[in-house]
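**Q** coords please:
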Amino acid sequence: MEEVFPLDCKRNYIDGEWVASKTNATRDIINPFNQEVIATVTESDEVDTQTAIKAARKAFDSGEWATTPATERGHIVRTIAQFIERDKEELAKLESLDTGKTVEESRGDMEDIAGVFHYYAELADKNGGEIIDSPIPNTISKVVHEPVGVCGQITPWNYPLLQASWKLAPALVAGNTLIMKPSEITPLTTVKVFELMEEAGVPAGVVNLVLGPGQSVGAELSANKEVDLISFTGGIATGKKIMQAASSNVKNLALELGGKNPNIVFADADFDTAVDQALNAVYFHAGQICSAGTRLIVEESVHDAFIEKLVKRVMDIKLGNGFDEATQMGPLISEEHLNKVIDYVETGKQEGATVVVGGDRPSDPQLQKGFFYLPTVLTNCTTDMKVVQNEGFGPVITVETFQSEEEAIHLANDSIYGLSGGIWTNDIAKAERCVAKMRMGTVWINEYNLYFPHAPWGGFKQSGIGRELGRAGLEEYQETKHIFQNLKPEAINWF
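**A** Predicted coordinates for the structure are as follows:
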């Protein structure tokens, strides 16, 4: 394995200082390709989290960051973006070591991450409020936007720094202070970006980093009454626990809770492009993507030909080390998650699904130390199956068929999730009819998994609450205040 750079023990960043946990506990971070230890990080608990919350509370209540001119806050956020661009190769390699994904994927992530910080830096001074035409003479009515306050931010393991950027940039631009808890198994690039934020001149206490598990750090952030907002990206079960804990002081909530996303292929679609994009919709990062199009719904008349070509392409996918340029798909994130995917496919088989390709671990001796699972396609699936309804979060496609437009939409909407979906057709009128009926936060027409920071991201139904990215992503971190001023006050003499 290539040694990219030395990695020493990583610490929390609290009130402008790099500090170990109070207990001095540590956790080893491993490379999912070969299970080698690549770093050791501090392991925090509720006490460390409370210390970080106090620092963020003090920093917010001082008013220093919230009253810093918006242009200056924007300048600092822009500087962070520039530092990410400067160090993007180091960050990309670190992300690949931590997650197992290909370096090429991680390089693309770093470009997107810098773009998120640039986008919000540009928005910093573009939302100064508005004057409302008051119906009452001699009065002024205006609306302003103020920071929410102290924000707890909990990020997932699949896209550690990308998801962090979606939360950090708008929170900072809006004038909030924050405590971030990255996933305990993929914290390394988040640590690095906190170093960059310190270098960029973010004041002490404004950004705080606490490394540790959700059961202690995440739970404390969610329940602590000094926290005003929780932003969480992860699974439904954890999201529900956070909602309950956040009721302690009726926190603002922003939740992105994943999806089991339909990818509908009509018979009139560009056949070869739809096959290619069906692969891209799932097998990047071994299917560990909240928006992955793992529910492939194909019109019955083209199903057999489509699956035949899809399977041939799947069989050619090269698994391997993310640092090998020939690798197309890396490992799953951990042994625990690998076992979940294995159980998921076994459940599908027991329910009557047919494994037409994959369905097992690879036999290649060079891959045995890694958490690899073969790209898999399950046919003969129906909506009552657990593999169709539950998010598998792995390189597994379930295939359903339909005969009519109405049936396709019914199948697509038959889910507790509503994060995203795709439609493949050359009939634009048909596409527009379908989009209007699909209950999802993002729907792609003749595309899949494309996003950019200008457009909002979030889901319907149990895929979450609120939106990230776009102006809506900034508004999540703002409170709206109406200010009414009477220029000629008079006594009413009612009493």
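**Q** Next, work out how far apart the residue lying closest to residue 482 once chain neighbours are set aside and residue 134 are.
**A** The shortest distance from residue 482 to any non-neighbouring residue, by C-beta to C-beta, 6 or more residues apart in numbering, is to residue 143 (5.5 Å). All C-beta spots, glycine's among them, are computed from the backbone N, C-alpha and C. Here the distance between residue 143 and residue 134 works out to 12 Å (C-beta to C-beta, to the nearest Å).
**Q** what pLDDT does the residue most central in space within the chain get?
**A** Taking C-alpha atoms, centre = their mean, the centroid of the chain lies closest to residue 163, which sits 4.3 Å from it. As predicted, residue 163 sits at a pLDDT of 98.
**Q** List the contacts of it.
**A** 155-156, 233 (C-beta atoms under 8 Å, 6 or more residues apart in numbering).
**Q** Now tabulate the residues you listed in JSON lines and tack on secondary structure.
**A** Output for the contacts of residue 163, formatted as JSON lines (DSSP: H, G, I helix; E, B strand; the rest coil):
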{"residue": "155", "secondary structure": "coil"}
{"residue": "156", "secondary structure": "coil"}
{"residue": "233", "secondary structure": "strand"}
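**Q** Quick check: which ranges of the stretch 1-150 of the chain have low pLDDT?
**A** 1-7 (pLDDT under 70).
**Q** Show me where the stretch 301-450 of the chain has its helices.
**A** Remark: helices assigned in the stretch 301-450 of the chain by DSSP state H, counting those that start in this stretch are 335-351, 386-389, 405-413, 428-437.
**Q** Tabulate these in CSV, adding columns for mean pLDDT and distance to residue 275.
**A** Shown next, in CSV, are the helices of the stretch 301-450 of the chain (pLDDT from 0 to 100; distance: least, C-beta to C-beta, whole Å):
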stretch, mean pLDDT, distance to residue 275
helix 335-351, 98, 22
helix 386-389, 98, 21
helix 405-413, 98, 18
helix 428-437, 98, 18
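**Q** looking at the ones you listed, which is closest to residue 303?
**A** With C-beta to C-beta, the closest approach to residue 303 among the helices of the stretch 301-450 of the chain belongs to helix 405-413: 12.4 Å.
**Q** helices or strands next to that closest one in the packing?
**A** strand 262-265, strand 295-299, strand 396-402, helix 428-437 (3 or more C-beta pairs under 8 Å, 6 or more residues apart in numbering; DSSP states H and E).
**Q** what would these look like in CSV with mean neighbour count and distance to residue 386?
**A** Listed next are these as CSV, based on neighbours: other C-beta atoms under 10 Å; distance: least, C-beta to C-beta, whole Å:
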stretch, mean neighbour count, distance to residue 386
strand 262-265, 27, 16
strand 295-299, 26, 13
strand 396-402, 24, 10
helix 428-437, 14, 25
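**Q** Could you say which one of the ones you listed comes nearest to residue 418?
**A** Here strand 262-265 is closest among the helices and strands packed on helix 405-413 (C-beta to C-beta), at 10.2 Å.
**Q** Touching the closest one from outside, list them.
**A** With C-beta under 8 Å, 6+ apart as the criterion, strand 262-265 contacts 274, 278, 281, 293-299, 302, 306, 402, 408, 411-412, 415, 421-424, 434, 438, 448.
**Q** mind running it again at 6 Å?
**A** 274, 281, 293, 295-298, 408, 412, 421-424 (C-beta atoms under 6 Å, 6 or more residues apart in numbering).
**Q** Stretch 415-428 too?
**A** 259-266, 268-269, 274, 291, 293, 412, 431, 434, 438-446, 448, 459-463.
**Q** Could you do stretch 138-148 as well?
**A** Contacts of stretch 138-148 (C-beta under 6 Å, 6+ apart): 66, 127, 129-132, 134, 174-176, 228-229, 252, 477-488.
**Q** With stretch 28-40 instead?
**A** 7, 9, 26, 97, 100, 188, 321, 331, 333, 369-371.
**Q** Look up how far residue 80 lies from residue 161.
**A** From residue 161 over to residue 80 (counting by C-beta to C-beta), the distance is 12 Å.
**Q** And for residue 119, nearest residue in space, chain neighbours not counted?
**A** Going by C-beta to C-beta, 6+ apart, residue 119 has residue 453 as its nearest residue, at 4.0 Å.
**Q** Thought residue 470 was touching that neighbour, still the case?
**A** No - using C-beta atoms under 6 Å, residue 453 is not in contact with residue 470, being 7.2 Å away.
**Q** quick one, which of the two is more surrounded?
**A** The residue with more neighbours, out of residue 453 and residue 470, is residue 453; 24 against 18, by other C-beta atoms under 10 Å.
**Q** Double-check that that one belongs to a strand.
**A** No - the assignment for residue 453 is coil, going by three-state DSSP, so no strand is present there.
**Q** check contacts around it.
**A** Residue 453 touches 115-116, 119, 469, counting by C-beta under 6 Å, 6+ apart.
**Q** do that again at 10 Å, thanks
**A** 112-113, 115-120, 122-123, 165-166, 169-170, 468-470, 473 (C-beta atoms under 10 Å, 6 or more residues apart in numbering).
**Q** Please apply the same query to residue 281.
**A** 261, 263, 274, 287, 289, 291-296, 397, 420, 422, 444, 447-449.
**Q** Produce a ChimeraX select command limited to the buried residues of the residues you listed.
**A** Per 16 or more other C-beta atoms under 10 Å, the buried members of the contacts of residue 281 correspond to this ChimeraX selection:
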select :261,263,274,287,289,291,292,293,294,295,296,397,420,422,444,448,449
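**Q** Neighbour count added to the contacts of stretch 28-40, as JSON lines?
**A** Shown next, in JSON lines, are the contacts of stretch 28-40 (neighbours: other C-beta atoms under 10 Å):
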{"residue": "7", "neighbour count": "18"}
{"residue": "9", "neighbour count": "10"}
{"residue": "26", "neighbour count": "16"}
{"residue": "97", "neighbour count": "29"}
{"residue": "100", "neighbour count": "28"}
{"residue": "188", "neighbour count": "23"}
{"residue": "321", "neighbour count": "22"}
{"residue": "331", "neighbour count": "28"}
{"residue": "333", "neighbour count": "26"}
{"residue": "369", "neighbour count": "14"}
{"residue": "370", "neighbour count": "25"}
{"residue": "371", "neighbour count": "24"}
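**Q** just those residues now: which is nearest residue 390?
**A** residue 333 (17.9 Å).
**Q** Tell me how far the closest one lies from residue 282.
**A** 16 Å.
**Q** Quick check: phi and psi at the residue nearest to residue 482.
**A** phi -120, psi 130 (degrees, to the nearest 10).
**Q** next one: the helix or strand hosting residue 164 to chain centre, how far?
**A** Using DSSP states H and E, the element containing residue 164 is helix 160-174. Per C-alpha atoms, centre = their mean, to the nearest Å, the displacement of helix 160-174 from the mean C-alpha position of its chain is 10 Å.
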